[in-house]
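Asker: Sequence plus the predicted model coming up.
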Amino acid sequence: MTAGQASTIRVVCIEDETEMIDLVRLILNRKGIDVIGAEGGRAGLDAVRRERPDVVLLDLMMPDMDGWEVYQRMKNDPEIAHIPVIIVTAKSQSIDKVLGLHIAKVDDYITKPFGPAELVNSIERVLQGKKTVVKRP
């Protein structure tokens, strides 16, 4: 990402743990990416509708509204359906990844814990329109 390009990128991070939002903000702010944190699914959906970000980072396991419900509501809303979604979750089973990438058609899937480069690379791929390919063993 170039400095000019990165300064305009806005990400909404929907997560129920404030520490994870802070970590994502720390990683991405260093790359010139603005991060809007939203605690929980309902607040996250509101933030996406209000902010119209370039990318959404979405946790799956949240108490008020899980990530899949947030995702479905986004995709059913023509105003925000085009916004790319990267799932960021502790659920690392390959079936969850396959469901996310191939059935639900999310734009990318990152498992916690993740490294800073993995997060930045995922956002770059999604913004370039490249979907992740799940490799078979």
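Answerer: Received, thanks.
Asker: Would you map the helices across this structure?
Answerer: Here the chain has its helices, by DSSP state H, at 3-6, 18-29, 41-51, 67-75, 94-98, 116-127.
Asker: Let's have those in JSON lines, adding mean neighbour count.
Answerer: No exception for glycine: its C-beta is placed from N, CA and C like everyone else's. Below are the helices of the chain laid out as JSON lines (neighbours: other C-beta atoms under 10 Å):
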{"stretch": "helix 3-6", "mean neighbour count": "12"}
{"stretch": "helix 18-29", "mean neighbour count": "16"}
{"stretch": "helix 41-51", "mean neighbour count": "19"}
{"stretch": "helix 67-75", "mean neighbour count": "19"}
{"stretch": "helix 94-98", "mean neighbour count": "13"}
{"stretch": "helix 116-127", "mean neighbour count": "17"}
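Asker: can you list these in CSV and add mean pLDDT and distance to His82?
Answerer: Output for the helices of the chain, formatted as CSV (pLDDT from 0 to 100; distance: least, C-beta to C-beta, whole Å):
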stretch, mean pLDDT, distance to His82
helix 3-6, 42, 19
helix 18-29, 96, 21
helix 41-51, 97, 11
helix 67-75, 92, 9
helix 94-98, 50, 23
helix 116-127, 95, 12
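Asker: And those helices: which comes nearest Tyr109?
Answerer: helix 94-98 (5.1 Å; C-beta to C-beta).
Asker: Go ahead and flag the most central residue of this protein.
Answerer: Leu57 (1.7 Å; C-alpha atoms, centre = their mean).
Asker: Distance check, the nearest residue to that one once chain neighbours are set aside against Gly32.
Answerer: Leaving out its chain neighbours, the residue that sits closest to Leu57 by C-beta to C-beta, 6 or more residues apart in numbering is Cys13, at 4.4 Å. Distance of Cys13 to Gly32, computed by C-beta to C-beta, to the nearest Å: 16 Å.
Asker: Show me which of those two is the more surrounded one.
Answerer: Set Cys13 next to Gly32 and count neighbours by other C-beta atoms under 10 Å: Cys13 wins out with 26 against 15.
Asker: if we can go back for a sec, thought the residue nearest to the centre of the chain was touching Val12?
Answerer: Yes - the pair Leu57 / Val12 is scored as a contact, 7.2 Å apart, by C-beta atoms under 8 Å.
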